[in-house]
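Engineer: This is a predicted model, with the sequence first.
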Amino acid sequence: MIQNLYFDFYGVTTRLRVVPADVDEALFYFQGQQLSQPPAGEPDVVVTLSCTEWPERGFFTSLLRKDNLAKRIEIDRRTDGSWARVVDHAFTGWSEIPSPLPPFRYSDLWMTTAVGPGTCLRMPDGQGLLITGANYVGKTSTSLVLCQRGARLVSDSLAVLDLTTGLFRRHDSPLGFRRGSRRHHLDKITSGVHRETVSPDTGLVLLVPPAEFLGVPNLPEAKVDRIVHLERHASPAEPFTTDSDLSSWFSGADRHEIAQHLPEVTTVVPVPEEVSPRQIADLLESAL
């Protein structure tokens with residue numbers, strides 16, 4: 001039996017069609033965007049997710065388990081009163097197409113937003129901060145230390161820039177705890193709502209909704225005043241500034257339109273090997 005869930009992703013209403021096993025998982029990832037009742041009219045986008053090889057198992061469970069079962073993503077978009085199938089994609093491992101939730105690539109959000117890897121916070125002094133860097137450099141764990149010091153999270157892992165306002169929007173993707181951060185916070189994580197998955201690079205990863213871990217919801221939005229890029233260095237080095245890099249931003253909008261809402265320069269903070277998140281936060285605060 002297919003069940004329908006409804007979400008509002010930055011003004012784009014989305015109907016998600018899944019099997020019952022997927023309902024709790026979908027709400028785990030996107031509860032903050034769920035609509036309490038179906039919209040009065042037709043949604044803008046319909047997303048159908050299925051684990052075709054074992055339907056009862058569910059799409060999300062198959063993804064988390066990395067079980068290599070056959071899965072399928074179907075996306076239908078409503079344009080000018082008619083529907084068109086824009087994606088019909090089958091895969092077994094991790095899909096190479098852009099994520100259908102939120103439907104950044106498959107709705108009007110393609111031209112009105114820009115998204116990129118990074119963690120967005122509002123610092124205690126009111127400044128908005130975007131932390132970027134390579135995978136596993138410590139963006140999430142450092143942001144949690146900053147939150148302990150009075151910062152507020154807007155989004156982790158994915159930064160969502162609204163090009164109509166110039167503000168970064170809230171995104172409630174789960175926090176991922178791996179290696180040292182997982183061991184450090186294990187009791188707190190496992191005592192609440194969480195999920196488990198496995199990364200080929202870092203092993204076991206525990207996923208926790210940010211509000212569950214931090215005790216407060218993410219802020220609705222913030223203007224980014226500074227960009228800090230964390231960069232691994234074999235030996236200690238001084239922070240330096242460089243032109244902000246737009247190459248990783250995912251959007252159909254012109255790069256000049258994106259650039260006008262971002263700081264022109266980025267502060268690069270060299271992070272020596274084997275330093276703790278608290279030490280990285282100290283380096284970041286000193287650089288600012």
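Structural biologist: Thanks, I have the structure now.
Engineer: contacts and neighbour counts: CA atoms only from here.
Structural biologist: Will do.
Engineer: how long is stretch 255-272 from one end to the other?
Structural biologist: By Cα to Cα, to the nearest Å, the extent of stretch 255-272 from end to end equals 32 Å.
Engineer: how far out from the middle of the chain is it?
Structural biologist: 19 Å (Cα atoms, centre = their mean, to the nearest Å).
Engineer: Identify the residues contacting that stretch?
Structural biologist: Stretch 255-272 is contacted from outside by 114, 163, 166-167, 224-244, 246, 280, 283-284, 287, using Cα atoms under 8 Å, 6 or more residues apart in numbering.
Engineer: try stretch 100-118
Structural biologist: Identification of contacts with stretch 100-118 by Cα under 8 Å, 6+ apart yields 9-10, 12, 44-45, 47, 75, 77, 86, 98, 130-133, 139, 156-164, 248-253, 258.
Engineer: among these, which ones are buried?
Structural biologist: When those are checked for burial by 16 or more other Cα atoms under 10 Å, the buried set is 9-10, 12, 44-45, 47, 75, 77, 130-133, 139, 156-163, 249-251, 253, 258.
Engineer: Just the ones in strands from the contacts of stretch 100-118, please.
Structural biologist: Members of the contacts of stretch 100-118 lying in strands (criterion: DSSP state E): 9, 12, 45, 47, 75, 77, 86, 130-133, 158-162.
Engineer: from those residues, which is closest to residue 3?
Structural biologist: Nearest to residue 3 among the ones in strands among the contacts of stretch 100-118: residue 47, at 11.7 Å, using Cα to Cα.
Engineer: partner residues bridging that closest one?
Structural biologist: Beta bridges link residue 47 to residue 16, residue 75, judged by DSSP bridges.
Engineer: Show the contacting residues for it.
Structural biologist: Residues in contact with residue 47, defined by Cα under 8 Å, 6+ apart, are 14, 15, 16, 17, 73, 74, 75, 76, 100.
Engineer: Run through who's touching the helix or strand hosting the first one.
Structural biologist: Mapping residue 14 onto the secondary structure by DSSP states H and E places it in strand 12-18. Outside of strand 12-18, the residues within contact range by Cα under 8 Å, 6+ apart are 2-8, 39, 43-50, 58-59, 107-109.
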